[in-house]
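*Asks:* Kindly return the folded structure for what I paste below:
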Amino acid sequence: MKPDEKEFLKELQRRRIGEYTLQISERLGIPYKRAKYICLKWVDKNWYNYGVAWEFGWLTREGRSRALELGGRSRALELEWLKGEVKKVSDEENHSC
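*Replies:* Numbers count the residues shown, from 1 in each chain. This next block holds a predicted model:
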């Protein structure tokens, strides 16, 4: 798997609500035709699925698992990390008073 594919897969794993596949590929600087090729390749691997247009698809369970194997973080893990950081700051503020 090429570096741009790895990054694309990890970013799709942690996409924000309302963020489309095409927006993610554009943000990463992946050309339209390359992004389409990658997504359709992932469809064949059962990592990606879409309804009407590939630009608005989503990762399958297998795709999400592969992204996590590559070092991607799930939204749930990101939220847990963020909660921990907020708690650290809160504890530091309480101890400094």
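
*Asks:* ok, Arg66 - how many residues close by?
*Replies:* 20 (other CB atoms under 10 Å). (Glycine included, C-beta is placed from N, CA and C.)

*Asks:* Can you get me the start-to-end distance on stretch 23-35?
*Replies:* This stretch, stretch 23-35, spans 10 Å end to end (CA to CA, to the nearest Å).

*Asks:* swap in stretch 55-63?
*Replies:* 16 Å.

*Asks:* how about it: buried residues?
*Replies:* Neighbour-count burial for stretch 55-63 flags Gly57, Leu59, Thr60, Gly63 (criterion: 16 or more other CB atoms under 10 Å).

*Asks:* which residue packs closest to the last one, ignoring adjacent ones?
*Replies:* This points to Gly63. Ranked by CB to CB, 6 or more residues apart in numbering and with sequence neighbours excluded, the top spatial neighbour of Gly63 is Trp47, at 3.3 Å.

*Asks:* what about the one you found, neighbour count?
*Replies:* Quick note: Trp47 (other CB under 10 Å) scores 21 neighbours.

*Asks:* Next one, pLDDT for it please.
*Replies:* pLDDT for Trp47: 93.

*Asks:* give the contact list for it.
*Replies:* Leu9, Leu59, Thr60, Glu62, Gly63, Arg66 (CB atoms under 8 Å, 6 or more residues apart in numbering).

*Asks:* so who does the fourth one touch?
*Replies:* Taking CB under 8 Å, 6+ apart as the definition of contact, the neighbours of Glu62 are Lys45, Asn46, Trp47.

*Asks:* List the ones among the residues you listed that fall in strands.
*Replies:* Among those, no residue falls in strands (DSSP state E).

*Asks:* Phi first, then psi, for Asn49.
*Replies:* Main-chain dihedrals, Asn49, degrees, to the nearest 10: phi -140, psi 160.
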